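quick one: sequence and predicted model below, then my questions.
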Amino acid sequence: MPRPSSTTPRPSRRSERPGRGASRPPADALWRRGLEMLRVARRVVITTHVDPDGDALGSELALARFLCRGGREVRVMNATAHPPEYDFLTRRGEVRVFDPAAAADRDFLNTCDLVVILDVSRYGRLAGMEEAVRRAPAPKVCIDHHVDEGEKFDLRLADERACATAALVLRVIDALGGALDLRLAEPLLAAIVADTGSFRFQSTDGEAFAAAARLVAAGAEPHALYRRVDCARPIARVRMLGRNLRALRLAAGGRVAWLRVSRRDAARQGCDVKEVYDIIPHLTRVAGVEVGVCVVEHGPGEVRVSLRSAGRVNVHALAQRMGGGGHRMAAGFSAFKQSGRAVARRIVAAACVAAATAARG
Ligand SMILES: [Mn+2]
């Protein structure tokens, strides 16, 4: 099978006029096969990575709603819940947290005729759903924009340059002749805003803006989205960000900014451990910092590390060495049966080497 990333069609930047026209229908054989599988499927499971983010959830909702229009039976099932700030996007019961003990969940997964895996480059990212998805007899189609980790899906529709998986979902909807309405536009815009850092990250391209123009024309409201996602935080969460900003440490002569926080630290401040991740955009805001490292102890022996690049360091390469993945500018990994302190020491040392090398280059 050819490497999908080299052949995946992408709307031409030159021909795409702002605010006009659907993205060019994907034309190569891989995409044609994937689109045909989506078109003929009648019972579809859609899933994504553990701890779904805005792109993961928004992509799922838009694809599910689009496929439902064709009379298909579609279930969105994830290993864990999405952040509560995205609840407003969902209808009651629209997204299920997969329960391996629930016969209804297992039965649907085992009798569906297609499993669509979104925003995931490796089965391992499905965490508690991995085994059940692998065992499901239906073919698995992956739609994703992460760096290819060589994982074998039945079909992988991928474009590493895409700003968000949602941009690929929009290409799919366009190619299958779907019309945009608010039910599709709202989650797609939330997804693109999330994955482009509100149109600021390196992945932000003409396709992101052209898609956004169409989604806004279909009724999505950027300001309302911002208010609901970013401006509804409990005071404890904002105060914890303040404490974590104070605790930020610099290494490698100011080229690496890093922080280690535990679930206990967060709990002491009345916060959920996932709210620690609010610090991440700030890591690379410091002048001279090339790499940001956020080490979070989720539980005894479970450490999750987020890596961010200011531009020169490929943090995907760093994450990959530790068994993780992601993108060139944003990546991460999990470590088990190790202390947060030990993991932090190892990854900060590696980040310092990478940052120093980049500074010399
Ligand atoms: Mn994504």
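On my side now, so go ahead.

hey, which helix is longest across this structure?
Counting residues, the longest helix found in the chain (DSSP state H) is helix 340-360.

what residues does it touch?
251-252, 255-256, 258, 260, 262, 290-291, 293, 295-297, 303, 305, 307, 312-315, 317-318, 321-322, 335 (Cβ atoms under 8 Å, 6 or more residues apart in numbering). (C-beta placed from N, C-alpha, C; glycine too.)

just the C-alpha atoms of it, please, in CSV.
Only the C-alpha atoms of helix 340-360 are listed here, as CSV (Å, rounded to 0.1, in the frame of the first residue of the first chain):
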residue,chain,number,x,y,z
GLY,A,340,7.2,11.5,37.8
ARG,A,341,10.6,12.8,39.0
ALA,A,342,12.5,10.1,37.0
VAL,A,343,10.5,10.7,33.9
ALA,A,344,10.9,14.4,34.2
ARG,A,345,14.7,14.1,34.6
ARG,A,346,14.9,11.9,31.5
ILE,A,347,12.7,14.0,29.2
VAL,A,348,14.0,17.4,30.3
ALA,A,349,17.6,16.1,29.7
ALA,A,350,16.6,15.0,26.2
ALA,A,351,14.8,18.2,25.5
CYS,A,352,17.8,20.2,26.6
VAL,A,353,20.0,18.3,24.1
ALA,A,354,17.5,18.8,21.3
ALA,A,355,17.1,22.5,22.1
ALA,A,356,20.8,23.1,22.3
THR,A,357,21.3,21.3,19.0
ALA,A,358,18.6,23.4,17.4
ALA,A,359,20.2,26.5,18.7
ARG,A,360,23.5,25.6,17.1
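
tell me where the stretch 1-150 of the chain has strands.
Secondary structure of the stretch 1-150 of the chain (DSSP state E, counting those that start in this stretch): strands at 43-48, 73-78, 95-97, 114-118, 140-144.

deepest-packed of these, please.
Neighbour counts (mean count of other Cβ atoms under 10 Å) averaged over each of those peak at strand 114-118, with a mean of 27.

report all helices and strands that that one contacts.
The criterion is 3 or more Cβ pairs under 8 Å, 6 or more residues apart in numbering; DSSP states H and E, and the helices and strands that strand 114-118 contacts are helix 29-40, strand 43-48, helix 54-69, strand 140-144.

okay, those in CSV with mean pLDDT and distance to the ion next?
Formatted as CSV, those follow (pLDDT from 0 to 100; distance: least, Cβ to the ion, whole Å):
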stretch, mean pLDDT, distance to the ion
helix 29-40, 96, 18
strand 43-48, 98, 9
helix 54-69, 98, 4
strand 140-144, 98, 8
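
to Ser198, which of those lies closest?
Ser198 lies closest to helix 54-69 among these, at 10.7 Å (Cβ to Cβ).

now find how far off-centre that closest one is within its chain.
Helix 54-69 has its C-alpha centroid displaced from the chain centroid by 13 Å (Cα atoms, centre = their mean, to the nearest Å).

I figured Leu67 hits Arg39, correct?
No: the criterion here is Cβ atoms under 8 Å, and Leu67 misses it with Arg39 at 9.4 Å.

which one of those two has more residues nearby?
Using other Cβ atoms under 10 Å as the criterion, Leu67 and Arg39 rank with Leu67 on top: 24 against 13.

with adjacent residues omitted, what lies nearest to that one?
Using Cβ to Cβ, 6 or more residues apart in numbering and skipping the chain neighbours, the partner closest in space to Leu67 is Val74 (4.9 Å).

try Cys352
Nearest residue to Cys352 in three dimensions, chain neighbours excluded: Ala252, at 3.8 Å (Cβ to Cβ, 6+ apart).

just the pLDDT for that neighbour.
Here, the pLDDT recorded for Ala252 equals 97.

centre of the chain to stretch 183-201, how far?
For stretch 183-201, the distance to the chain centre is 11 Å (Cα atoms, centre = their mean).

let me redo that: stretch 143-151
12 Å.

make 40 the starting number, not 1.
In the new numbering, first residue 40, that becomes stretch 182-190.

what's the span of that stretch, first residue to last?
13 Å (Cα to Cα, to the nearest Å).
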